[in-house]
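Participant: Structural data only, the sequence is not supplied:
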């Protein structure tokens, strides 16, 4: 159905895709596996008509095809389901479908019927007159799939799903997998983009692995295993830091105490973390993680409740080390250079405060030292490079370096390894453990269960703004299934 | 660095070419107009001093705008702050007969308070400063008019600053002790030039060396990251607006104490040109200096052109307009890649 030959895409000096070859046939699910930044999204954008290729060709039913716009892709019969929903929240399901189809007068009942009919053919029920904002995340995604199925005058024959499971609970993932199988039975081709190995193994017929823009391997799922795919993905065999199995004994008397915090989605959240302990907070995105992080970083005032770091009953010295989830908007000032971003921390400013302003040469030297220690790679301009010019991984290392280098009283880290390659992620994890060993209480908020399982001494789950199972949390070594159930809201 | 500086040099050149075309379309000879402007700006020592004299208020208001923009406060109100500074200066000098240091300090305080008002409204109620500062300009203009009102009938109120003669809507002339001494005899070029230069270097130090300036830039560039880093962005906004207003107000006071020597009715418009000055100066206090000089020369040259070549001085307005538009195209204003 679709063949891609020697497809390349250049962004300035950066080669996002390098001579990629792959194909999809009708009635086949092809997994596109790769780490963040491997080129999955770029490939998908080219196939969906959002980006033009720099070189190479795309064959559609054997004939060369060049797409100039997403609409053209739709007309050809290629439907895209984006990771982030492209739906108008205040419109109904029918209105969103009509908006996508985009022709003729709007007939609410016609489109509602269309939606319901198609949903039925895929084995679910949907109310075509329901407003998008009233739907759950899983339902919204179904609307996205329905939308993608409407292609020009006919139906989409090829569906591109971009990380469709990223925001779903384990139960919803199961339902999605059933739907994708149904699509295959209907004879459609499906490209399933993910970096989650077990999902790809479970669902796909064939897997294409991307790394640094190149195809590093193509396997039938029947003849491969997770270990092989993982090593294709990261370029070497996984050697993860061993997970903790026994709880540590508290170091010192420092405690991070969070008491009855409420704000928006977060409700009466209480948690005490001992010095030297890493508490992992798992959960599907949108269950209060953002509010908790904003409260702890001082971006929001709580409706009620308090948090503090104390030692022997007194306030602990040092400031809270923050690794926010969104490094580009909350962690860094992108138009500032690296030294200026380090100087956002009060400690270096206090240390290098002179009568005639800040001692910038000393701050630059400190920044250079940190760049060496944390392996931050910038251009030749070193610490004078603008944060905006760094790759995502290097940006994250700057944020981590700043959070952990100035004797933090406690550390709050949200998805600290997101967007990093395995090596850099491991390094960040080691640094977090080192901070814990130095006596800091550490709160790890992550949507990546593997990260939680590997780092945490105790594990809790955020579900609808509450802490599950209770303030005593789960011990390290709790099974993935048990945590997964709590993430879906099950309380025994 | 080169990529930033090159457009700063190229843009005025391109702008001048566009200007020439527009002047041509308006039925004037662009070469002749250019020559006349140049002669008017630097043709004689007298003209050159006049250009420099016009540069001083542009430096002060330009610094005000540049500093404010760096701190994330879109100060369109330098004109109003300048006028309030001028008004306070006239009150303290021409009315209260205080010596010049009080005149200048009073002008700075008045300008600072005027801008601080807009900052306070932004923090207190979230009022967008682009609107409040523009509106405060008009309020300032009306306050000046009110202060210089000539009674039409004996029982009508008289402006508190109106000259003793009451013939023209202007204040009394500043007493000598309240004046800034001229650098060149019988000219409008006054000792305020040195103060303006000192302010430019001071602002540069403040923005790029001092801790307060760093915090202000951080709060202005990315308030969310600044707040997450524990910086009190509200406090930064409040007091940097006051600092910016003080610069413009000081400029107004210097203008009254050194150049015009009395307060008149017509607002000179320096506060608006200041936006172009700041942008053309790349929002860098040191860059403001040459940009202010350029606009000072255009201002002085325009008047001379009308007198000598018979070309209407509106032509200069066209040139200024083109320059402002090209300043808006500078890379700084585009999103960072």
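Facilitator: Yep, it's here. The structure displayed is predicted, hence computed values, not measured ones. Numbers count the residues shown, from 1 in each chain, chains lettered A, B, ... in the order given.

Participant: In stretch A:427-435, which residues are buried?
Facilitator: For stretch A:427-435, the buried set under the neighbour-count rule, 16 or more other Cβ atoms under 10 Å in any protein chain shown, comprises A:427, A:428, A:429, A:431, A:432, A:433, A:435. Backbone N, C-alpha and C define where each C-beta goes, glycine included.

Participant: next one: stretch A:17-36
Facilitator: Taking 16+ other Cβ under 10 Å as the neighbour-count basis, stretch A:17-36 is seen to contain the buried residues A:17-18, A:20, A:22-24, A:28-35.

Participant: so what's the residue most central in space within chain B up against?
Facilitator: Residue closest to the mean C-alpha point of chain B, counted by Cα atoms, centre = their mean, is residue B:61 at 2.8 Å. The contact partners of residue B:61, by Cβ atoms under 8 Å, 6 or more residues apart in numbering or on different chains, come to B:78, B:79, B:81, B:82, B:247, B:248, B:251, B:270, B:271, B:273, B:274, B:277.

Participant: Report the separation between it and chain A.
Facilitator: From residue B:61 over to chain A the distance is 25 Å, taken as Cβ to the nearest Cβ, to the nearest Å.

Participant: Apart from its neighbours in sequence, what residue is nearest that residue?
Facilitator: Beyond its immediate neighbours in the sequence, the residue positioned closest to residue B:61 (Cβ to Cβ, 6 or more residues apart in numbering or on different chains) is residue B:274, lying 3.4 Å away.

Participant: Check what pLDDT that neighbour gets.
Facilitator: Taken from the predicted model, the pLDDT recorded for residue B:274 is 93.

Participant: picking that back up, which of the contacts of residue B:61 has the largest number of neighbours?
Facilitator: If you count neighbours using other Cβ atoms under 10 Å in any protein chain shown, the busiest of the contacts of residue B:61 is residue B:81, which has 42 neighbours.

Participant: How about the contacts made by that residue?
Facilitator: Residue B:81 makes contact with B:61, B:64, B:111-112, B:114-115, B:140, B:244-245, B:248-249, B:252, B:271, according to Cβ under 8 Å, 6+ apart.

Participant: mind showing which ranges of the stretch 1-150 of chain B have poor pLDDT?
Facilitator: In the predicted model of the stretch 1-150 of chain B, residues B:1-5, B:7-8, B:12 satisfy pLDDT under 70.

Participant: Do you have the helices of it handy? List them.
Facilitator: Per DSSP state H, counting those that start in this stretch, the stretch 1-150 of chain B has helices spanning B:2-25, B:30-38, B:45-70, B:78-90, B:100-125, B:129-147. These are given in chain order.

Participant: So what does residue 29 look like in phi/psi?
Facilitator: This is for chain A. Here the main-chain torsion angles of residue A:29 (degrees, to the nearest 10) amount to phi -110, psi 120.

Participant: Chain B was what I was after
Facilitator: The phi and psi torsions at residue B:29 (degrees, to the nearest 10) take the values phi -90, psi 110.

Participant: Can you report how many residues lie near it?
Facilitator: Applying the criterion other Cβ under 10 Å, we find 14 residues in the vicinity of residue B:29.

Participant: With residue A:317 instead?
Facilitator: Residue A:317: 10 neighbours (other Cβ under 10 Å).

Participant: Without its sequence neighbours, what residue ends up closest to it?
Facilitator: Setting aside the residues directly before and after it, residue A:317 is nearest to residue A:409 in space (Cβ to Cβ, 6+ apart), at 6.6 Å.

Participant: Is that neighbour within a helix or a strand, and which one?
Facilitator: Assigned by DSSP states H and E, residue A:409 belongs to no helix or strand.
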